[in-house]
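>>> Need coordinates for the following:
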Amino acid sequence: MPSPIDRRNFVKGSIGASALTALGDFAFLGCLPPLTAAQVQTPRAMVQNSPDIEPLVRLIENTARDRVIETIAERVRNGTSYQEILSAVMLAGVRGIKPRPVGFKFHAVLVVNSAHLASQAAQDQDRWLPLFWSIDNYKNSQERNRAEGDWVMAPVEEGQVPGAAHAGNRFREAMENWDAEAADRAIAGWCRTAGSNEIYEAFWRFGARDFRDIGHKAIFAANSYRLLQTIGWRHAEPILRSLAFALVEHEGTNPAQRDADQDRPWRTNLRQVGRIRADWQRGRVTPEGSQELLTTLRTATPAEGSERVVALLNQQVDPACLWDGLFLTAGELLMRQPGIVGLHCVTSINALHFAFKTSSSDETRRMLLLQAAAFLPMFRLTMANRGQLGDQRLDTLERAQVAAQAPQAVEEIFAEVGQNRLLAARKTLGLLEANRDAAPLLMAAARRLIFSKGNDSHDYKFSSASLEDFYHATPAVRNRFLATAMFNFKGAGARDTDLYQRMRNALRG
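Got it, this is the predicted structure:
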């Protein structure tokens, strides 16, 4: 009796015997490569960029990390511009890196403008290096994003995007209520019909309203605005959607319905801001005002820090002096506890100061100054909770002698950075006070060491912020402020990164 034949064996045997040839001859398909099941899956829904930049964005997204530097270098040799690559790496980041928490892997987005600032300030032959570093940094974050859930920015729900007449108000209402979905739809509609300055007036406030993510919300607001001035407003929509999503990040229940520590300074300062004299934007430029604020912020609560700013403004102290006090406090905190929190004191004050200088709203400018004075005590308390907080005082930092010639002095300082950062800071102060023209040489050396030895987003974020704020501080205090940067700069003795060697090889051709 024949053995039974089940369906699986029948089909297997029949195909092997060409029993299905009656259904058609498919041999002609042999001229095409086979497709795997993964290759025929429907692509994931994701936001699309303008047609002229989308292919370059996808090239960065889809090229393996160990080949992307060489691939983009070849594109550069064939005519792809710096601005095109800068745009593409930012757009790849906001589309493919989840902006929550606002830090960690999201530094691939936060740091793009910092790298661009480094390129702008660099020597001509060095200008490509920060951009190529940004590409590799994005690929690293892309790997982490995939491991953590593979988030991607989806297309906006077009049917629910408000029109021009309502988008701005809807956006502000959604942000006040910490409503991420409503904010996403509203900002998409608003940026299609309004300009950058109008929209960022709202973002300056929402970026500074809470202390979550140790200042990264304000940093994202400032850096995204600055980068859009370079790559163009036509790329704004996905960037602003990412920014809005980041700024409503929070823990626990809705912050609008409770009184969390991170939100309290903003609410307090909304009541304080009206106490500032009407003509507050001009006053006496006096080092005593800067020193008084520095002294206050060493021990003040967040509320006391803001109170002191109100008092000094009403005593007709110029706001520039108060920013001096804030810069000095941020630098001193870095001296007292070098590391991740200390460096964010500097980068956060840089972002808040940029927003202050850019905003056209009198109330927003007052609020940014008050928030900066509240944030630094919050940073200090955070640092104290992490461990030992030193007792260094920037105003009593003594200069140390260095070589008489500036080039030799700069070499001496950066050789010292890896051995004794305090002595490097003292030597920096000695050099700058003896030779007022030495600062550009010192800065150029600091940047080149970041290019060759920097292996972290904070190297770029911090260096761009601190070197920029040297010129934002008044001449009376800027040398001391720059001296504190030695507590986070790279020293000459650090090893060159493997990526730097790859970039050298790739850009040689």
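
>>> contacts and neighbour counts: CA atoms only from here.
Will do.

>>> all helices of the stretch 101-250 of the chain, in order?
107-110, 112-121, 128-147, 167-176, 180-191, 196-208, 216-231, 236-247 (DSSP state H, counting those that start in this stretch).

>>> and among the ones you listed, the most buried is which?
helix 107-110 (a mean of 27; mean count of other C-alpha atoms under 10 Å).

>>> now for that helix, which elements pack on it?
Applying 3 or more C-alpha pairs under 8 Å, 6 or more residues apart in numbering; DSSP states H and E, we find helix 107-110 packed against helix 82-96, helix 128-147, helix 216-231.

>>> hmm, back to that, who wins for proximity to M46 among the helices of the stretch 101-250 of the chain?
Taking C-alpha to C-alpha, helix 236-247 is the member of those nearest to M46, at 10.5 Å.

>>> pLDDT on the closest one, on average?
Helix 236-247 shows a mean pLDDT of 98.

>>> One more: stretch 300-316?
98.

>>> Which residues does it contact?
265, 268-269, 272-273, 275-277, 280, 282-284, 289, 293, 296-297, 319, 322, 369-371, 373-378 (C-alpha atoms under 8 Å, 6 or more residues apart in numbering).

>>> Please put the alpha-carbon coordinates of it into PDB.
Presented in PDB, the C-alpha positions along stretch 300-316 are these (Å, rounded to 0.1, in the frame of the first residue of the first chain):
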ATOM      1  CA  ALA A 300      22.200  81.500  47.100                       C
ATOM      2  CA  THR A 301      19.100  79.500  46.500                       C
ATOM      3  CA  PRO A 302      17.600  79.800  43.000                       C
ATOM      4  CA  ALA A 303      15.100  82.400  44.300                       C
ATOM      5  CA  GLU A 304      17.800  84.400  46.000                       C
ATOM      6  CA  GLY A 305      19.900  84.400  42.800                       C
ATOM      7  CA  SER A 306      17.100  85.900  40.800                       C
ATOM      8  CA  GLU A 307      16.300  88.300  43.700                       C
ATOM      9  CA  ARG A 308      19.900  89.600  43.600                       C
ATOM     10  CA  VAL A 309      19.600  90.300  39.800                       C
ATOM     11  CA  VAL A 310      16.400  92.300  40.400                       C
ATOM     12  CA  ALA A 311      18.100  94.300  43.100                       C
ATOM     13  CA  LEU A 312      21.200  95.000  41.100                       C
ATOM     14  CA  LEU A 313      19.300  96.100  38.000                       C
ATOM     15  CA  ASN A 314      17.200  98.400  40.200                       C
ATOM     16  CA  GLN A 315      20.500  99.900  41.500                       C
ATOM     17  CA  GLN A 316      21.200 100.800  37.900                       C
END
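
>>> List the buried residues in it.
300-310, 312-314, 316 (16 or more other C-alpha atoms under 10 Å).

>>> Report the contact partners of the residue nearest in space to the middle of the chain.
Closest residue to the average C-alpha location of the chain: L110 at 2.3 Å, with C-alpha atoms, centre = their mean. Residues near L110 by C-alpha under 8 Å, 6+ apart: 103, 219-220, 223-224.

>>> nearest to G331, of those residues?
I219 (17.1 Å).

>>> separation between that closest one and R212?
12 Å (C-alpha to C-alpha, to the nearest Å).

>>> coming back round to it: will you turn the contacts of L110 into JSON lines that also has pLDDT?
Compiled in JSON lines, the contacts of L110 are given as follows (pLDDT from 0 to 100):
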{"residue": "G103", "pLDDT": "96"}
{"residue": "I219", "pLDDT": "98"}
{"residue": "F220", "pLDDT": "98"}
{"residue": "N223", "pLDDT": "98"}
{"residue": "S224", "pLDDT": "98"}
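
>>> the domain parsing of this protein - what is it?
Listed by automatic domain parsing, the domain ranges of the chain are 54-147, 158-251, 275-394, 403-498.

>>> Can you check which of those gets nearest to A506?
Of the domains of the chain, nearest to A506 by C-alpha to C-alpha is domain 54-147, at 5.1 Å.
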